[in-house]
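Dropping a prediction and its sequence here:
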Amino acid sequence: MDQNEFSLSTDTNYMKRHIAGTVNITLPASSQQTTYTIVNHNLGYAPQYNLDANITGSGTYWYGGEVLEELTDAGILSGSAATLTFPTVRHWATNNAIMMRVTNNTSSSGGTRPVRYVIYLDYKQ
Amino acid sequence: MDPDDFLFNSDFPIDKVLQTGEVTIVNDGNTSSMTAGYQRGKIVTSSAPNTTGQICSVRYVWSIDGTNWQSPSSHLWYSFTVSHPSGSSPMGAVQGAVAVGISTSSVHFRTLNGSHGAVSINSSGNASYTPISRTFRIKYALFARD
């Protein structure tokens, strides 16, 4: 074990945490979109944060809830629009909350998915 | 500046990094076996052991040229020309993107490569193009949730 792993020095910048937690969202119905308030942080500014989600229900937490697939951002060369198979996730911070928008591209409706977050302090823009 | 911004003591939890690593994934971008009609990418996956014993959170950066390191959510776009019987037109697509997930035993990597040369569409609507292989490098760190 490297002893430096135990050191904490003021020469280094650290990301101080505000809060961390997990919330469960219910996927929207097939082909529908829902915007969720993941957590109210009430910092008064948009903070840095980290978010991941077990968005497919397989037990793997994907950074940002994004699971790439062949048709991610696909364009149409001919024929009709592409059909995705995983939910599409977008997320963002406001002065008071972390928000998340989920589009259910699957043919099945509903299902609970855990979303985890960590919010950091002091990184005001 | 708020003086509290400089405050640091042991009451503040910080990220504790438990595992770091780098993986290299070659994605040839060959989508020829896939259904025609779309500008699509190829997915090539890989994984590494998660030795932390917990489902950590992850940070990572990735690169396809070894010089410019992208943020996790970057989708690198490029443009190409589509030639068809009635003329030609420009089109955009993703040449690279990376997703990383954590399970109890593994770190999962998914790379997307939609890189290719100019596209030619014949009178039957079939598209042809030459894929461009990309080598993805991903540097990651797992940090504890608690």
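Structure received.

residue contacts, A:Thr72?
A:84, B:41, B:75, B:94, B:97, B:112 (CB atoms under 8 Å, 6 or more residues apart in numbering or on different chains). Bear in mind the C-beta positions are built from the backbone N, C-alpha and C, glycine included.

do that again at 6 Å, thanks
Shown in contact with A:Thr72 (CB atoms under 6 Å, 6 or more residues apart in numbering or on different chains): B:Leu112.

Make sure it is indeed in a strand.
No: if the criterion is DSSP: H, G, I helix; E, B strand; the rest coil, then A:Thr72 is coil and not within a strand.

worst-scoring helix or strand of chain B, pLDDT-wise?
strand B:38-39 (a mean of 70; mean pLDDT, DSSP states H and E).

All the strands of chain B, residue numbers only.
B:17-27, B:38-39, B:42-49, B:57-63, B:75-84, B:87-102, B:106-113, B:119-121, B:127-128, B:134-143 (DSSP state E).

can those go into TSV with extra columns for distance to A:Ala74 and mean neighbour count?
Converted to TSV, the strands of chain B look like this (distance: least, CB to CB, whole Å; neighbours: other CB atoms under 10 Å in any protein chain shown):
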stretch	distance to A:Ala74	mean neighbour count
strand B:17-27	16	16
strand B:38-39	5	23
strand B:42-49	12	16
strand B:57-63	21	20
strand B:75-84	12	15
strand B:87-102	8	19
strand B:106-113	10	23
strand B:119-121	13	18
strand B:127-128	12	16
strand B:134-143	17	20
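
Check the ones you listed for me: which has the lowest mean pLDDT.
Among those, strand B:38-39 carries the lowest mean pLDDT, at a mean of 70.

Could you pull up the contacting residues of residue 61?
Using chain A here. A:52, A:54, B:55, B:101-102.

The chain in question should be chain B.
Residues counted as contacts of B:Val61 (CB under 6 Å, 6+ apart) are B:69, B:139.

In space, what's closest to A:Ala53 - neighbours in sequence excluded?
A:Gly65 (3.7 Å; CB to CB, 6 or more residues apart in numbering or on different chains).

now the spatially most central residue of chain B: how far from chain A?
With distances taken as CA atoms, centre = their mean, the residue of chain B nearest its centroid is B:Val98 (1.5 Å). To chain A, B:Val98 is 7 Å away according to CB to the nearest CB, to the nearest Å.
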